[in-house]
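Student: Attaching a predicted model along with its sequence, questions to come.
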Amino acid sequence: MRAALLAAAACALLPLQPTDAAAADPRVVAVSPGAGSGAASAFRFFYSDADGAADISAVEAVIVGGGLTGVHACFVHASAGQFWLRNDANTAWLGPVAAGTPGRVANGQCLLAASGSSMAASGTSLVVTVALTFAAGFAGAKDTYMEATDRGGVSSGWLQAGTWTVRPMNPQPDVVTPSCADASREAEYAIQLTSEQAGRVSRIVYSPSCFPVYSTYLPHEGLFLDRRPLPVMGRVSGHFDILIAFTDTEVNRRELVENTYIAASVKQQIQAGRIREGLEELFRSYTPAAVMEGIGRRAAAAVDFSFTVGITRLSRFELEFTDDGLGFARYDAVVLLDDLVTFSGLGVRRWPGNPRGLFSPHVFDARRTGVILNIDPGALFPGLFGNELLRRNMPNLLVEYQIGERTLVREGTVLYDRTPVVNPRTGENIEPLARATEGKTSISEYLKGYADVDGDGIVDCLDPEITPTADNVDGDFIPDRFDPDLRFDHRPYLWMFAARP
């Protein structure tokens, strides 16, 4: 096995050459799908060998644009139930991960999920299934090449077997902004926030005539539309174009320099007055893996970011109502990087704020608005950015759950909220599940679509079809133990806002 892999690595260092494999053993047969498009797929590669499938020692597949090469490609090597992925420079293998396990391996072009990958031999045929999710930066038309090697070192040669178009990961919406989302109806869009006084929770449910029913239920549950959770930003996956609006003050510069999460080279640029250059260098390090590390095990496969840095003299209070010419509405979200005194960050909300009251524009009224969040420069690091942008963008619980009497539990020096959360269908208190203290996936992770509920290796928010399973009979985002109604399709609405100017 080690010798075969070393031989494959040696070959991968050379330019790949397509050949006519029709007369060779082992043989390349086909790939399924042979053509298509999307951000993810479980590809099935078919090979054969007249001496039996067991004679095939290793197989490889390359999905790449611009001709056969291992550089900046999705280049997969499979052997004996294990999978490797070639690095971007085509100089080393990444992995291995074993088929059917939770393991993952990724390069700059794609992520391979071992849970949805397999190798199955029968007679003279070998079928290799590879679950791949493509990076947004790999978008465009690609060709699919295949190759196999037998135990005697005989190669089939490389053969182009199919094509694939990598589409941007931004999901298609279930709902489109209705025509009533205009300034003349603005007063009807105001959401009255849930409040609690003396242990009593007040809840106002308001339904404008042009929208299906929606409500705010409890502060930690967020917005719902016809019982389905509704992200403040409209979605929690895909490519996000982010503006960093830095308020240039001595206090904020000092906080950046004192921030232990920021590299010395960035601090040197800030101290030299090159603020924009320093921040641009900093945010180049904010990769999906770094940003999503604390949000979900599979979440990095669902997002991609680009950052633009803007410098302003206006404070975060002023930027609640004006963008100082930076064009907030042109971006998917704007990070206001300004001193928060006692807070690290404040999560996403609609922009601009309402100067006459507490309520921001309605989540549905996006024609003239954007999305903002706040982060303190002294607390800035990738995980905090991901938390404020995405973790707080979706409800943490479903609206149907029954919330018990508030229960606070002290563990050591920390006071935790352990208020019961009951699934009305089963009567079970699922509060430990909501915190993911039982099992490995929290309700919030399922709601955002960052899980893989059907185990096919494709993160749910990118999966074109959720396959029903024994513990998720209705084939939605929520496993049955969490599900309050098996007749209802529990998955988030993806709200398409009016096009930005």
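Tutor: Nice, thanks for sending it over. Numbering: from 1, shown residues only.

Student: Help me confirm that residue 467 is found in a helix?
Tutor: No: per DSSP: H, G, I helix; E, B strand; the rest coil, residue 467 lies outside any helix segment and is coil.

Student: ok, now how distant is it from residue 452?
Tutor: As judged by CB to CB, to the nearest Å, residue 467 and residue 452 stand 11 Å apart. Heads up, the C-betas are built off the backbone N, CA and C, glycines and all.

Student: of those two, who's got more company?
Tutor: Each of residue 467 and residue 452 has its neighbours counted (other CB atoms under 10 Å); residue 452 has more, 24 against 11.

Student: who's in contact with that one?
Tutor: 113, 115, 116, 298, 458, 459, 460, 463 (CB atoms under 8 Å, 6 or more residues apart in numbering).

Student: closest to residue 43 among these?
Tutor: residue 116 (10.2 Å; CB to CB).

Student: That closest one: how many residues sit nearby?
Tutor: By other CB under 10 Å, the residues close to residue 116 number 23.

Student: pretty sure it is touching residue 463, no?
Tutor: No: taking CB atoms under 8 Å as the definition, residue 116 is not a contact partner of residue 463, at 10.0 Å.

Student: what ranges do the helices span in the stretch 351-500 of the chain?
Tutor: For the stretch 351-500 of the chain, the helices defined by DSSP state H, counting those that start in this stretch occupy 382-389, 431-434, 443-448.

Student: Please identify the deepest-packed of those.
Tutor: The highest average neighbour count among the helices of the stretch 351-500 of the chain, using mean count of other CB atoms under 10 Å, belongs to helix 443-448 at a mean of 25.

Student: List of residues touching that one?
Tutor: Helix 443-448 is contacted from outside by 229, 236-237, 295-296, 299, 390-391, 393-398, 430, 433-434, 436, 451, 453, 460-461, 477-479, 482, 492, using CB under 8 Å, 6+ apart.

Student: got the CA positions of it in CSV?
Tutor: The C-alpha trace of helix 443-448 is given here as CSV (Å, rounded to 0.1, in the frame of the first residue of the first chain):
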residue,chain,number,x,y,z
ILE,A,443,-30.3,21.9,17.2
SER,A,444,-28.9,25.2,16.1
GLU,A,445,-26.4,23.4,13.8
TYR,A,446,-29.2,21.4,12.2
LEU,A,447,-31.4,24.6,11.8
LYS,A,448,-28.6,26.4,10.0
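
Student: Quick one: mean pLDDT for that helix?
Tutor: In this model, helix 443-448 has a mean pLDDT of 86.

Student: Count the residues that sit near the closest residue to residue 72 other than its chain neighbours.
Tutor: Nearest in space to residue 72, with sequence neighbours left out and distances taken as CB to CB, 6 or more residues apart in numbering, is residue 88 at 5.5 Å. A total of 15 residues lie near residue 88 under the criterion other CB under 10 Å.

Student: what's near enough to touch residue 88?
Tutor: 71, 72, 107, 108, 109.

Student: out of those residues, which are buried?
Tutor: 72, 107, 109 (16 or more other CB atoms under 10 Å).

Student: The last one reaches residue 139, doesn't it?
Tutor: By that I understand residue 109. No: contact criterion CB under 8 Å: residue 109 and residue 139 do not qualify, at 10.4 Å.

Student: Geometric centre of this protein: which residue is closest?
Tutor: A centroid search over the chain (CA atoms, centre = their mean) returns residue 302, at 2.5 Å, as the residue closest to the centre.

Student: Quick check: the residue nearest to residue 72 vs residue 291, distance?
Tutor: Separation of residue 88 from residue 291 (CB to CB): 19 Å.

Student: in stretch 320-335, what counts as buried?
Tutor: For stretch 320-335, using 16+ other CB under 10 Å, the buried residues are 320, 323, 326, 328, 329, 331, 332, 333, 334, 335.

Student: Relative to residue 304, how far out is the last one?
Tutor: In this case it means residue 335. For residue 335, the distance to residue 304 - CB to CB - is 16 Å.

Student: One more: residue 113?
Tutor: For residue 113, the distance to residue 304 (CB to CB) stands at 17 Å.

Student: Next: residue 57.
Tutor: Using CB to CB, one gets 36 Å for the distance from residue 57 to residue 304.

Student: Same check on residue 481?
Tutor: Shown here: residue 481 relative to residue 304, a distance of 32 Å by CB to CB.

Student: okay, those two: which has more neighbours?
Tutor: Taking neighbours as other CB under 10 Å, residue 481 and residue 304 compare with residue 304 leading, 24 against 15.

Student: Show me the strands in the stretch 1-150 of the chain, by range?
Tutor: Remark: strands assigned in the stretch 1-150 of the chain by DSSP state E, counting those that start in this stretch are 27-32, 37-38, 40-48, 56-64, 74-79, 82-86, 93-98, 104-106, 110-122, 125-134, 140-150.

Student: now what about the shortest one, what contacts it?
Tutor: Surrounding strand 37-38, the residues in contact under the criterion CB under 8 Å, 6+ apart are 164, 165, 166, 167, 464.

Student: pretty sure residue 289 is touching residue 302, no?
Tutor: No: taking contacts as CB under 8 Å, residue 289 lies outside contact range of residue 302: 11.7 Å.

Student: For this structure, which element, helix or strand, carries the lowest mean pLDDT?
Tutor: Across the helices and strands of the chain, mean pLDDT, DSSP states H and E gives its lowest value to helix 2-12, namely a mean of 38.

Student: so what's the nearest residue to residue 420 once chain neighbours are set aside up against?
Tutor: Spatial nearest neighbour of residue 420, excluding adjacent residues (CB to CB, 6+ apart): residue 404 at 3.3 Å. Going by CB under 8 Å, 6+ apart, residue 404 touches 419, 420, 421, 422, 429.

Student: What residues does the third one make contact with?
Tutor: Taking CB under 8 Å, 6+ apart as the definition of contact, the neighbours of residue 421 are 397, 401, 402, 403, 404, 429, 430, 431, 434.

Student: hmm, try it at 7 Å
Tutor: Residue 421 is in contact with 397, 401, 403, 429, 430, 431, 434, counting by CB atoms under 7 Å, 6 or more residues apart in numbering.
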